[in-house]
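Colleague: give me coordinates for this.
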Amino acid sequence: MAGIFDRMAGNKVVEEEADLAGDTEHFEAIDEPADERRTQQQLRETVQEMLKYGLLEESHKPNLYRIARTHPEDMAGVLEPLDLAMGTDEVRGLVFITVRQKETAEQDDWSHPLVRRQRLNLEQSLLIAILRQHFIAYEQESGTGASLALVAIDELIPQLQVYLGDLGSDARERTRIITLLDQLKGHGVVSAPDTHDRIIIRPIIAHLANPENLQALLAWLKAQAEGGGTPKSADNEVMP
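Modeller: Model prediction:
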């Protein structure tokens with residue numbers, strides 16, 4: 001027969017097991033909302049990153065890109081009150097911010113106060129047109145969605161000279177192209193130069209500007225150059 005001390009010890013074990021079971025239920029109860037909060041936090045981080053840079057690339061932010069792609073309705077719910085929407089390019093691994101279009105034909109595509117206007121001067125617009133040609137040629141050769149569209153800086157200099165003229169100095173020519181590329185890097189169009197003085201053309205360039213407008217710009221600049229005119233560096237608004 002078990003003595004009183006055995007019975008006391010047995011009761012203590014039962015109580016500890018009951019407490020442990022209660023703690024497990026408690027942890028299970030708080031784990032579920034904690035997971036839910038983590039999901040909401042990930043969505044917020046994804047939207048914040050998109051608003052900060054205007055886009056997400058799968059190759060650079062795979063986790064945030066996956067969240068945006070697997071939660072389109074949640075993303076839309078966050079962006080809709082801001083009158084914004086999410087564009088998707090699955091082949092190139094891109095999601096990007098767009099402005100929700102209204103029914104009025106006069107609506108300015110980039111009039112939203114939270115979206116930076118893509119105001120580019122003539123030289124920047126020209127370089128985008130040249131880079132887009134390189135990017136299209138690269139995709140035709142390597143396939144749509146290939147992500148290493150490399151071009152050497154020295155290869156871009158003579159192409160700019162065709163339209164903008166020769167500055168008369170290799171150093172000045174190089175300074176001009178480096179400055180323009182650095183400006184476009186801020187728009188997410190190109191990477192910083194690597195050790196071999198090459199830059200990567202980012203896939204967002206496929207959505208940045210209307211190709212017909214860029215072709216018209218190149219044709220006009222070429223006509224000005226052939227006619228002996230010097231194009232002015234006026235502001236041009238490159239529209240997606």
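
Colleague: now I67: how far from G77?
Modeller: Distance from I67 to G77, counting by Cβ to Cβ, to the nearest Å: 14 Å. The way it works is simple: take the backbone N, C-alpha and C, and place the C-beta from them, glycine included.

Colleague: which of these two has more residues huddled nearby?
Modeller: Counting neighbours by other Cβ atoms under 10 Å for I67 and for G77 shows that I67 has the greater number, 21 against 11.

Colleague: now do the contacts for the more buried one.
Modeller: Q42, L43, T46 (Cβ atoms under 8 Å, 6 or more residues apart in numbering).

Colleague: one more time with 10 Å
Modeller: I67 is in contact with T39, Q42, L43, E45, T46, V47, E49, L56, K61, D74, M75, V95, counting by Cβ atoms under 10 Å, 6 or more residues apart in numbering.

Colleague: lowest-confidence one in those?
Modeller: Here the lowest pLDDT out of those sits on T39, with 54.

Colleague: so what sits against both of I67 and G77?
Modeller: Here I67 and G77 have L43 as joint contacts, going by Cβ under 10 Å, 6+ apart.

Colleague: and for T179, the neighbour number?
Modeller: For T179, the count of nearby residues is 12 (other Cβ under 10 Å).

Colleague: and it, backbone torsions?
Modeller: phi -60, psi -40 (degrees, to the nearest 10).

Colleague: touching, L217 and L122? I think so.
Modeller: Yes - L217 is within contact range of L122, at 8.0 Å (criterion: Cβ atoms under 10 Å).

Colleague: rewinding a little: which among the contacts of I67 end up buried?
Modeller: Burial by neighbour count, judged by 16 or more other Cβ atoms under 10 Å, picks out Q42, L43, T46, V47, E49, L56, K61, D74, M75, V95 from these.

Colleague: these in strands, which ones?
Modeller: L56, V95 (DSSP state E).

Colleague: farthest pair within the buried ones among the contacts of I67?
Modeller: Maximum pairwise distance among the buried ones among the contacts of I67 (Cβ to Cβ): 17.1 Å, between K61 and D74.

Colleague: next step: the contacts of I67 restricted to helices.
Modeller: Among the contacts of I67, the members found in helices (DSSP state H) are T39, Q42, L43, E45, T46, V47, E49, D74, M75.

Colleague: please name the nearest non-neighbouring residue to the third one.
Modeller: If you skip the residues right next to it in sequence, L43 has D74 as its closest partner in space, 5.5 Å away by Cβ to Cβ, 6 or more residues apart in numbering.

Colleague: for the chain, what spans make up the helices?
Modeller: Ranges of helices in the chain, per DSSP H, are 4-53, 62-70, 72-79, 122-142, 153-164, 170-185, 205-208, 211-226.

Colleague: tilt between the fifth one and helix 211-226?
Modeller: To tie it back to what came earlier, the one meant is helix 153-164. Angle of helix 153-164 versus helix 211-226, following axes from the mean of the first three to the mean of the last three Cα atoms, to 10 degrees, is 70 degrees.

Colleague: what packs against helix 153-164?
Modeller: helix 122-142, helix 170-185, strand 198-201, helix 211-226 (3 or more Cβ pairs under 10 Å, 6 or more residues apart in numbering; DSSP states H and E).

Colleague: in stretch 141-150, what's buried?
Modeller: Buried residues in stretch 141-150, defined by neighbour count with 16+ other Cβ under 10 Å: S147, A149.

Colleague: picking up where we left off before, out of the helices and strands packed on helix 153-164, which comes closest to G87?
Modeller: helix 211-226 (16.6 Å).

Colleague: now do the closest one and helix 122-142, the angle between them.
Modeller: 120 degrees.

Colleague: which strands or helices does helix 211-226 pack on?
Modeller: Packed next to helix 211-226, using 3+ Cβ pairs under 10 Å, 6+ apart, are helix 122-142, helix 153-164, strand 235-237.
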